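Participant: here's a sequence, model it:
(one chain, ligands or ions: 1)
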Amino acid sequence: MKLFLDTANIDEIRQANEWGLLDGVTTNPSLVAKEMKKGASFKEIVSKILNETPGPVSIEVIASDYDSILKQALKISSLGGNAVVKVPFNTVGLKATKALDEKRIPVNSTLIFSGIQALFAAKAGAKYVSPFVGRLDDIAEDGMALIEQIKTIYTNYNMKTNILVASIRNPLHVLRSMLIGADVVTLPFDVLSKLPSHPKSDEGLSRFLEDWEKAFGSMEFPL
Ligand code: G3P
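Facilitator: Residues are numbered from 1 along each chain as shown. Down below sits the predicted model:
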């Protein structure tokens, strides 16, 4: 399973990359706007992310009509070989997805909230679908049940579109995605930072080091 970071913040991207955990990045208009408020332009932010990410970077269009979606998608795609165009799911988005797939431009079909939408996005040629699990949990629906449904649908019909689990809010969303066999999870940095630690790992390390110090009265390494 691939780990993507859901952010437009370059420091978070660098940190995750240093940990060896960065397979890709996803952004959305809310995340990019937050970084632009600090002073950099859209192009500066996106170009830096594309350069520093060792894998696909999803960048979302901010248009609703077909011609503007296509125009923005071509500009996004020209920024780097690892750019993936994020297109909101609806019938206009489907039409744009089909056209972009015909031009071999990879599309991440976003704002997916049902298995049927996921099947339609795959038929239109999306490389990724982004079902939003946290936002379903927010309205007392089971976000992870949607991932199970999409996995079953794609397996039934041998569909190659990647399931990219989005709107992840906690480590359990990540574990359940792994057990279901999702292709990608995209994580906010605070969720990624929580994943490596385990209290028994910390306790075990402290005990090893204490035992050594007790035995020899120093932590000098004997080689
Ligand atoms: O990038 C899309 C998604 O991950 C947003 O998550 O937490 O705003 O629902 P959230």
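Participant: in a helix, T152, correct?
Facilitator: Yes - according to DSSP: H, G, I helix; E, B strand; the rest coil, T152 belongs to a helix.
Participant: can you get me a residue count around the nearest residue to it once chain neighbours are set aside?
Facilitator: Among residues not flanking T152 along the chain, G115 sits closest, at 8.0 Å (CB to CB, 6 or more residues apart in numbering). Quick note: C-beta positions are derived from backbone N, CA and C, even for glycine. If you count neighbours by other CB atoms under 10 Å, G115 ends up with 19.
Participant: now for G115: which residues touch it?
Facilitator: When contacts are counted by CB atoms under 8 Å, 6 or more residues apart in numbering, G115 touches L146, Q149, I150, T152, I153.
Participant: buried set for the helix or strand where L3 lies?
Facilitator: For L3, the element it lies in under DSSP states H and E is strand 2-6. Going by neighbour count (16 or more other CB atoms under 10 Å), the buried part of strand 2-6 is L3, F4, L5, D6.
Participant: which one of those residues is nearest K200?
Facilitator: L3 (22.6 Å; CB to CB).
Participant: pull the contacting residues for that closest one.
Facilitator: L3 touches A16, L21, L22, D23, V184, V185, L187, L192, counting by CB under 8 Å, 6+ apart.
Participant: rerun at 10 Å
Facilitator: L3 makes contacts with 16, 19-24, 55, 174, 184-187, 192, 195, as judged by CB atoms under 10 Å, 6 or more residues apart in numbering.
Participant: read off the pLDDT value for it.
Facilitator: Looking at L3, its pLDDT reads 98.
Participant: I'd like to know how far it sits from K34.
Facilitator: Separation of L3 from K34 (CB to CB, to the nearest Å) stands at 21 Å.
Participant: just D190 next, same as before
Facilitator: Separation of D190 from K34 (CB to CB): 14 Å.
Participant: strands of the protein, residue ranges please.
Facilitator: 2-6, 24-26, 57-60, 83-88, 107-112, 128-131, 162-165, 184-187 (DSSP state E).
Participant: let me see the mean pLDDT of the second one.
Facilitator: Put plainly, it is strand 24-26. The pLDDT scores in strand 24-26 average 98.
Participant: from the ligand, how far off is the closest residue to K98 other than its chain neighbours?
Facilitator: In space, and not counting its chain neighbours, K98 is closest to A124: 4.7 Å by CB to CB, 6+ apart. Distance, A124 to the ligand, by CB to the nearest ligand atom, to the nearest Å: 20 Å.
Participant: just M178 next, same as before
Facilitator: 17 Å.
Participant: ok, now which ones touch the residue nearest to that residue when sequence neighbours are not counted?
Facilitator: Closest residue in space to M178, ignoring its immediate chain neighbours: M1 at 5.5 Å, by CB to CB, 6+ apart. Contact analysis of M1 by CB under 10 Å, 6+ apart lists D23, I163, V165, V174, S177, M178, I180, G181, A182, D183, V184, V185.
Participant: pick out the most distant pair among those residues.
Facilitator: Spanning the widest gap among the contacts of M1 are D23 and I180, at 17.9 Å by CB to CB.
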